[in-house]
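1. Sequence and computational prediction follow.
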Amino acid sequence: MAKYVIGPDVAVRLAEERAEVRDEHQLLAPTLIRSHALSLLYGRVRRGELPKKAAERQLDFIRGLRIRLLGDRVLQATAWKVAEELGWADTYAAEYVALARLHADALVTLDEELARDVKGLVPVAAFDALI
């Protein structure tokens, strides 16, 4: 079984495509993924990029994903270290990286800048590895 940390961008894309993650994969994410996904979709609706009903359907899909959510002290301490190491202004993305470092085989992100930033810290997998 491969363990993948996904970010809110990946969760939203899974919802957009109504994609099914292969059974042999386990998805992991920090507990804050729910708020991040909500915020991403809210922003898209507010900018007129997505109808509210479509955003609601995507949120329902995301809520139904089998994701193991973690947010313990060890994760937070590791996220702090990652953010310091990379010189980031906050720890939000660092939680995803820390979780990949601690418990996963790879981080899946659609954010090319994040993927470049974490090169050498954690393996990064393509979206297609999930489906």
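-> Received it, and whenever you're ready, just let me know what you need.
2. For Leu107, give me phi and psi.
-> phi -100, psi 130 (degrees, to the nearest 10).
3. meant to ask about Arg66, not that
-> Dihedral pair for Arg66: phi -80, psi 90, per degrees, to the nearest 10.
4. Quick one: classify the closest residue in space to it that isn't next to it in sequence as helix, strand or coil.
-> Nearest non-adjacent residue to Arg66, counting by C-beta to C-beta, 6 or more residues apart in numbering: Leu27, 6.4 Å away. Placement of C-beta: from N, CA and C, glycine included. Here Leu27 is recorded as strand under DSSP: H, G, I helix; E, B strand; the rest coil.
5. Quickly note the distance from Glu95 to Leu50.
-> 25 Å (C-beta to C-beta, to the nearest Å).
6. the more surrounded of the two?
-> A count of neighbours by other C-beta atoms under 10 Å puts Glu95 above the other of Glu95 and Leu50, at 27 against 18.
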